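J.: okay, predicted coordinates and the sequence, questions at the end:
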Amino acid sequence: MAAFGQCYNRRVPVFESRVLDLVTHNPAQTRQFGVRLGQAIRAGDVICLSGELGAGKTTLASGIGEGWGAREVVNSPTFVFVNEYSRAAGGKLYHVDAYRLRDAADAESIALPELLNEVTEGKSVVLIEWPERVTDQLPPERLWIDLVWVEESARRIQVTANGARPEALLENLR
Ligand code: ADP
Ligand code: MG
């Protein structure tokens, strides 16, 4: 009964297991968070990076690329829509900027459906900036990251997991 009493008295914190919420205080911290995420991702993962201009999406993407092992530094794909990266360990990482995509026809013009198929078939991984532009085309299982400007050098990073695999990924980041 003593054991039961201990268990009964223990205060168990209640928190939302599908959400991770943190604040970084400089670009290096955001990048470092990205490195950790990049080390945990694998083919099939869809990572959405949402936030205003200057929120830190590309800074985070760059860290993710480093953690994943990209041969080249991941930088802004703004003028090319999609950048493709490789690594020594094999596999492909796509970095998409959906900022200028207005509709499904636009998305098709850059072969986004084919790219996403490749990812959901487990052949590659994709990072998407401005994912809200193409939400209805994204697979339901995704890790959604909101970046919010707090002050000059502080950003809030909110990670939401939709689905079993994204939840496992998020658990890895705690
Ligand atoms: P986005 O891709 O969302 O437009 P970038 O990553 O290109 O954003 O730019 C973010 C800008 O904010 C960079 O100039 C970066 O140096 C600056 N910055 C300041 N503090 C932070 C922080 N904590 N995390 C990320 N970027 C920061
Ligand atoms: Mg950017």
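T.: Happy to help now that I have it. Numbering: from 1, shown residues only. Ligands and ions are numbered 1, 2, ... in the order given.
J.: for the protein, which segments count as helices?
T.: For the chain, applying DSSP state H gives helices covering 2-9, 27-40, 57-68, 104-109, 112-120, 164-173.
J.: want to throw those helices into a markdown table with mean neighbour count and mean pLDDT?
T.: The C-beta positions use only the backbone N, C-alpha and C, and glycine is treated the same way. Listed next are the helices of the chain as a markdown table, based on neighbours: other C-beta atoms under 10 Å; pLDDT from 0 to 100:
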| stretch | mean neighbour count | mean pLDDT |
| --- | --- | --- |
| helix 2-9 | 8 | 44 |
| helix 27-40 | 19 | 98 |
| helix 57-68 | 24 | 98 |
| helix 104-109 | 14 | 88 |
| helix 112-120 | 17 | 96 |
| helix 164-173 | 15 | 93 |
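J.: and these: which comes nearest Glu151?
T.: helix 27-40 (13.4 Å; C-beta to C-beta).
J.: contact residues of this structure facing ligand 2?
T.: Applying C-beta under 5 Å from the ion, one finds that the chain approaches ligand 2 through Lys57, Thr58, Ser76.
J.: can you tell me how far the residue of the chain found nearest ligand 2 is from Leu101?
T.: Nearest residue of the chain to ligand 2 (C-beta to the ion) works out as Thr58 at 3.5 Å. Using C-beta to C-beta, to the nearest Å, one gets 17 Å for the distance from Thr58 to Leu101.
J.: next one: Ala28
T.: Counting by C-beta to C-beta, the gap from Ala28 to Leu101 is 31 Å.
J.: hmm, back to that, ok, the residue of the chain closest to ligand 2 touching Asn75?
T.: Yes: taking C-beta atoms under 8 Å as the definition, Thr58 is a contact partner of Asn75 at 6.6 Å.
J.: residues touching the closest residue to Trp149 other than its chain neighbours, list them.
T.: Nearest in space to Trp149, with sequence neighbours left out and distances taken as C-beta to C-beta, 6 or more residues apart in numbering, is Ala55 at 5.6 Å. The contact partners of Ala55, by C-beta atoms under 8 Å, 6 or more residues apart in numbering, come to Leu147, Val148, Trp149, Arg155.
J.: the third one pairs with what?
T.: Translated: Trp149. Residues in a beta bridge with Trp149, per DSSP bridges, are Arg155.
J.: contact partners for it?
T.: Gly51, Glu52, Gly54, Ala55, Arg155.
J.: give me the subset of these lying in strands.
T.: In this view, the contacts of Trp149 that belong to strands under DSSP state E are Arg155.
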